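Colleague: 3D model of this:
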Amino acid sequence: MSDLFWLTDEQMARLQPFFPKSHGRPRVDDSRVLSGIIFINRNGLRWRDAPREYGPAKTLYNRWKRWSDKGVFTRMMDGLASKGADRKTIMIDATYLKAHRTAYSLGNKKGGPGRLIGRTKGGMNTKLHAVTDARGRPISFFMTAGQVSDYTGAAALLDGLPKAQWLLGDRGYDADWFRDALEEKGITPCIPGRKSRTKAVKYDKRRYKSRNRIEIMFGRLKDWRRVATRYDRCPTVFLSAVALAATVLFWL
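Modeller: Below is the predicted model of the structure:
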């Protein structure tokens, strides 16, 4: 049992408010089932390969699918992040997540727009757009197909940006409309200008150095094998895997 991941009582107490209420028969032990779900996502296993200590694989999968459809795992991350985030400075970036053939097969070789999988130079991918706090802890996510530009993700995340003094982003977010939108919100952009600009853009180079924290965050998320490689066809279920990993790694 030493190599299995079990949530502590303290961690379970923090997650308990986000669990849906049980109707009818009491649920199977939440701590055991949730630990099994975490174990599968961390190690990239099939549900049938779950250690028997976690109980029947069907129970783990059914809980995972049902709670994913209800948005339970995303609410966990959102709820914990809303209380603990350091929002003076926020960061934005995006990363590619490789889609396994099981995620885009079965009748639609290109994945289809509904699955949020698209072809890039690196193959079939999903792109994960993220906003983090000053310490590189994720506040919000947005998923698109792999070939979608960073601008699309920035536009989708814009309305939900928290009140902050600074936003750090790389050259991929250098657009006049985005800078203007940030300033309207009272946020100062710290974004280097594209090399194609005729007039250089001034930005705080010293502050910009801390932007590597969001890249470190993506790297830690990809340590979870069912995040680094997308096996789930349903984008809602896959986003739940990302949110669960972020909750365990950064907010518990």
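
Colleague: Number of residues surrounding residue 55?
Modeller: By the measure other Cβ atoms under 10 Å, the count of residues near residue 55 is 17. (Glycine included, C-beta is placed from N, CA and C.)

Colleague: show me what contacts it?
Modeller: If you count contacts by Cβ atoms under 8 Å, 6 or more residues apart in numbering, residue 55 has them with 28-29, 32-33, 36.

Colleague: again, only this time at 10 Å
Modeller: For residue 55, the contacting residues are 28-29, 32-33, 35-36, 63, by Cβ atoms under 10 Å, 6 or more residues apart in numbering.

Colleague: Can you lay out these as TSV showing neighbour count?
Modeller: Shown next, in TSV, are the contacts of residue 55 (neighbours: other Cβ atoms under 10 Å):
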residue	neighbour count
28	13
29	12
32	16
33	20
35	21
36	27
63	19
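
Colleague: just checking, what packs against the lowest-mean-pLDDT helix or strand in the chain?
Modeller: Lowest mean confidence among the helices and strands of the chain (mean pLDDT, DSSP states H and E): helix 101-104, at a mean of 85. Contacts defined by 3 or more Cβ pairs under 10 Å, 6 or more residues apart in numbering; DSSP states H and E place helix 101-104 against strand 123-132, strand 229-230.

Colleague: picking that back up, specify which member of the contacts of residue 55 is nearest to residue 149.
Modeller: Among those, residue 63 lies closest to residue 149 (Cβ to Cβ), at 36.2 Å.

Colleague: Pull out the buried positions in the strand or helix carrying the closest one.
Modeller: Assigned by DSSP states H and E, residue 63 belongs to helix 57-69. The neighbour-count check on helix 57-69 (16 or more other Cβ atoms under 10 Å) flags 57, 59-61, 63-65, 67-68 as buried.
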